[in-house]
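Asker: no sequence on this one, just coordinates:
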Ligand SMILES: C[S@@+](CC[C@H](N)C(=O)[O-])C[C@H]1O[C@@H](n2cnc3c(N)ncnc32)[C@H](O)[C@@H]1O
């Protein structure tokens, strides 16, 4: 009887098929639910490592393949190559990959190929790996980013994507005993090799939540929120809702997706924080607030170091539609904030059309609108952009382990923006 391959490796190949053959993101992982938590975490980690190193793996495999094999066979080979080049024990990796091929009707015939190719990769691959260039972003994204930030900055971003990301946590109050990690100047706690998140001190007691250090900054720009009525206009999965609630605001968390809002509900329950939840289209919401946070839907290109599947799942086809939605949401958010109140506009995008340009254009559309210069000891001058916002990039804080790409600006409305006429009925 053939030996069973490791469940984590088998699931990692399924995940790679899902992303690279079906164009579905890693976050849709229904099939992983049957796995033990440690195997699920290992499968995700392996799939992420392969996606980060995909360009190198394909270059190393090419000389050993006379013609391109079926996608699943290629994904088995990619997994084996990345593991071997990261120092994985050749015997275990090769025999597991052969067993994964043996398990599938359409891959059984490629068992011999998998065995022969991975044995060759085991001999010379690890040395060749280090000589290959840092994997590049796909053309649809690289072009606009080079135009915006220049070739050197984009090369630095690619190095940050390839290096991956540490785990950043936002604290509800103090840091729980035994958590360890580095206290970042912006207030987050950073763990370099965290392992299983649910096993860390303070998870069960809801003392913190996972949130990239850059993603934690837009809420900080809203200032003192104690007792204020605040709208989180695009709230799910809720990292910023938790921050707003922990800062003492009376929070309304709104999101179009009922399913994603469920994640906000779970996060509130775990942390013991409170917010009013509304599922619906923010463009139809008509209440006014002391402050509004608009963390708008976007290309999410700032999160590629955590989500290397993203450039394979999206090819930029939705960006112009997203830019239109951001503009409509920003105009509407201005009507929902009381005159004199603050609105923070944010996106986890590296594309200026979704950040700097949105604010520039809003200033032209609304003569009563101003951008407030954010002031805080943790703000670095290099982060400031000309229209008054903050631009964060994955290549910043390189010595500390980077940060997600983000854009954020604090807007203050005057009287002339115009109020929202709630739909009748
Ligand atoms: C960038 S995510 C928000 C992340 C969230 N603020 C956090 O920190 O966890 C954008 C969210 O906008 C929601 N969304 C998209 N269009 C919307 C609309 N018209 N009204 C309300 N929410 C919308 C999406 O469902 C998605 O959850």
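Answerer: It's in. Computed from a prediction, not measured in an experiment: that's the story for all the values here. Numbers count the residues shown, from 1 in each chain.
Asker: make it CA atoms for all contacts and neighbour counts henceforth
Answerer: Will do.
Asker: What segments of the chain are strands?
Answerer: For the chain, the strands defined by DSSP state E occupy 167-171, 182-183, 189-191, 208-210, 229-232, 250-255, 276-279, 289-295, 337-347, 369-372, 390-392, 406-413.
Asker: Any chance you could list what contacts the last one?
Answerer: Read that as strand 406-413. Strand 406-413 has contacts (Cα atoms under 8 Å, 6 or more residues apart in numbering) with 214-215, 218, 221-222, 302, 334, 337-350, 355-356, 359, 368-374, 388-393.
Asker: give me the number of residues near residue 206?
Answerer: 17 (other Cα atoms under 10 Å).
Asker: Just the buried ones from the contacts of strand 406-413?
Answerer: 214-215, 218, 221-222, 302, 334, 337-339, 341-350, 355-356, 359, 369-372, 374, 388-393 (16 or more other Cα atoms under 10 Å).
Asker: Just give the nearest non-adjacent residue to the residue sitting nearest the centre point of the chain, would you?
Answerer: The centroid of the chain falls nearest to residue 303 when counting by Cα atoms, centre = their mean (3.5 Å). Leaving aside its sequence neighbours, residue 303 sits nearest to residue 404 (Cα to Cα, 6 or more residues apart in numbering; 5.4 Å).
Asker: Residue 58 is nearest to which of the strands of the chain?
Answerer: Closest to residue 58 of the strands of the chain, according to Cα to Cα: strand 167-171, at 28.4 Å.
Asker: is any part of that closest one close to the ligand?
Answerer: No. Counting by Cα under 6 Å from any ligand atom, the ligand has no neighbours in strand 167-171; the shortest distance is 11.6 Å.
Asker: Please list the residues of the stretch 251-400 of the chain that sit near the ligand.
Answerer: Residues of the stretch 251-400 of the chain lying near the ligand (Cα under 6 Å from any ligand atom): 255, 256, 257, 281, 282, 283, 295, 296, 297.
Asker: cool, and the stretch 101-250 of the chain?
Answerer: So the stretch 101-250 of the chain meets the ligand at 234, 235, 236, 237, 238, 239, 240 (Cα under 6 Å from any ligand atom).
Asker: ok, now which ones touch the third one?
Answerer: Under the criterion of Cα under 8 Å, 6+ apart, the contact list for residue 236 reads 254, 255, 257, 260, 261, 263, 264.
Asker: Neighbours of the residue nearest to residue 311 when sequence neighbours are not counted, how many?
Answerer: Leaving out its chain neighbours, the residue that sits closest to residue 311 by Cα to Cα, 6+ apart is residue 138, at 6.8 Å. Neighbour count for residue 138, taken as other Cα under 10 Å: 11.
Asker: same thing with the one 4 residues further on?
Answerer: Residues contacting residue 142 under the criterion other Cα under 10 Å number 16.
Asker: Hmm, residue 154 and it touching each other?
Answerer: Yes. Counting by Cα atoms under 8 Å, residue 142 touches residue 154, with 7.5 Å between them.
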